[in-house]
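Colleague: Mind folding the following:
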Amino acid sequence: MVKSDNGKKRRVNQWSWIFLVAAIVLVIAVVFVPRNSSVTSLVHRIKSCYCSQEGLKYHGLVEDCCCDYETVDRINLVVLHPLLEQIVKHPFFRYFKVKLWCDCPFWPDDGMCRLRDCSVCECPENEFPETFRKPYGNVLSSDNLVCQEGKPQATVDRTIDAKSFKGWIEVDNPWTNDDETDQAEMTYVNLQLNPERYTGYTGPSARRIWDAIYLENCQQYPSGECQEKRILYKLISGLHSSISIHIGAEYLLDEKINMWGQNQSLMYDRVLKHPDRVRNLYFAFLFVLRSVTKAADYLEEADYDTGNPLEDLNTQLMMKKLLYDHKLQAACPKPFDEAKLWKGQSEPELMKQIQSQFKNISAIMDCVGCEKCRLWGKLQILGLGTALKILFSVNGDELSAPHLQLQRNEVIALINLLHRLSESVKMVHEMGPSIDKIFGKIIGGPSDQITHQI
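Modeller: Just a heads-up that it's a prediction; the model follows:
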């Protein structure tokens, strides 16, 4: 018995030494192996998986996506946001064609903003590139252009576009409600002069918009449901989070002296204290980013003509940098994998249902009782509709690159939406931790279960 016990102890000691030596070898390997090696990548992935279970912080893979939070924050800060910040200022992406004066198809439009910042203003047609202008009549006289807001930074031109760029077509987007081929009452808006920010549009009218979107068209499914059913809610929730972040980032703190600044309380209450809303923001960002990279061949060859050869060449070069940046391709080659979806027998019908719901959401944008809110709502919904069109094609039919057709306004909306989401992700990453400390609360807990219906 004594010999047997001694033998067991020796075997235990041997195994202990083996495990100790193996652990030391592993530590040495991790320290000295190059960062871009497969071993380091494996260790990082294992670490990310464990971190993602912490629940109180944003680590590991973004749900339903192929990139982790740390990579998204890093690549957005170093590559995406700086590029997009420059791209959207170029003339091609600065002007957006939109119908701002449509009747609400669902209820009487009684939403009135209490601030002048809700409205937009008209500008002389000579502000626009020659290729944007209508070559014949039906243009408002510049003598009658009186700003609704009384300040030049709010000016908007109502020149009607009847000429598309070379190489662009006018086609209707099956995911959205507006008929983009109908030129009647179309207005070009300078997005740089009409930033997305607080407008004073609050109360029952604004609440009714979001209620109609979520309760009637955008049901939240439990995490156990199939990914296809969860996508629409997560996209709209992510967009809602982005809008709230931008409102809070540029808020009218004192109307009497026209003092603008950050409303960190609003940012915290509406977004940052709700982990699901932050996660959905990252999801929407990666979803839209994937649509842009998938359409890279098309967007690379697009004609960005605005009549200014130097500006247009610069725009094309910047777009190529965005589409083929080696850091982005190495860190996050496929942000979202759409190929995994729509495989079941019932999936074509489900896609048509989601397409119908999204189209209905786009129609609700005509019920927004604030011109600037309606402008940015329509632009970002068209951008999402364009992303859906690229990734999920039309009516379930696969849309390969040679058959992809985008109109100019869709590309403008798509890139501006990506910029809006990129900026929101950047602000959440940079400001989120400090705002949490200021308000003395920990992200998580019961607020994680609150649905995005504010």
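
Colleague: Okay, helices next: where are they in the stretch 251-400 of the chain?
Modeller: Remark: helices assigned in the stretch 251-400 of the chain by DSSP state H, counting those that start in this stretch are 264-267, 275-294, 296-301, 309-324, 326-331, 347-364, 371-392.

Colleague: Nearest to Glu338, out of those?
Modeller: Ranking the helices of the stretch 251-400 of the chain by proximity to Glu338 (CB to CB) places helix 371-392 first, at 4.4 Å. In short, each C-beta sits where N, CA and C put it, glycine included.

Colleague: now the angle from the closest one to helix 347-364?
Modeller: Angular relation of helix 371-392 and helix 347-364 on a 0 to 180 degree scale: 170 degrees, by axes from the mean of the first three to the mean of the last three CA atoms, to 10 degrees.

Colleague: What residues of the helix or strand Ser237 falls within count as buried?
Modeller: Using DSSP states H and E, Ser237 falls within helix 227-249. Buried residues in helix 227-249, counting neighbours by 16 or more other CB atoms under 10 Å, are found at 228, 230-249.

Colleague: Same check on stretch 63-82?
Modeller: 64-73, 75-76, 79-81.

Colleague: Show me the contact partners of that stretch.
Modeller: 48, 58-62, 227, 230-231, 234, 279, 282-283, 285-287, 289, 322, 325, 327-328, 331-332, 334-337, 418-419, 422-423, 425-426, 429 (CB atoms under 8 Å, 6 or more residues apart in numbering).

Colleague: Assumed Asn177 was part of a strand.
Modeller: No. Asn177: not assigned to a strand; according to DSSP: H, G, I helix; E, B strand; the rest coil it is coil.

Colleague: For burial, what's the neighbour tally of it?
Modeller: 21 (other CB atoms under 10 Å).

Colleague: That one: what's it in contact with?
Modeller: Per CB under 8 Å, 6+ apart, neighbours of Asn177: Lys359, Asn360, Ser362, Ala363, Met365, Asp366.

Colleague: how about 7 Å then?
Modeller: Lys359, Ser362, Ala363 (CB atoms under 7 Å, 6 or more residues apart in numbering).

Colleague: Of those, just say which sits nearest to Pro108.
Modeller: Ala363 (15.3 Å).

Colleague: Distance-wise, check the closest residue to that closest one other than its chain neighbours relative to Pro105.
Modeller: Excluding the flanking residues, the one nearest Ala363 by CB to CB, 6 or more residues apart in numbering is Asn177, at 3.9 Å. Separation of Asn177 from Pro105 (CB to CB, to the nearest Å): 8 Å.

Colleague: With Lys340 instead?
Modeller: For Lys340, the distance to Pro105 - CB to CB - is 35 Å.

Colleague: tell me the phi and psi of Leu61?
Modeller: Note on Leu61: backbone dihedrals following degrees, to the nearest 10 are phi -70, psi 140.

Colleague: Next: Cys102.
Modeller: Torsion angles, degrees, to the nearest 10, at Cys102: phi -100, psi 150.

Colleague: likewise Asn190?
Modeller: Taking degrees, to the nearest 10 as the convention, Asn190 sits at phi -80, psi 110.

Colleague: Identify the bridge partners of it.
Modeller: Tyr95 (DSSP bridges).
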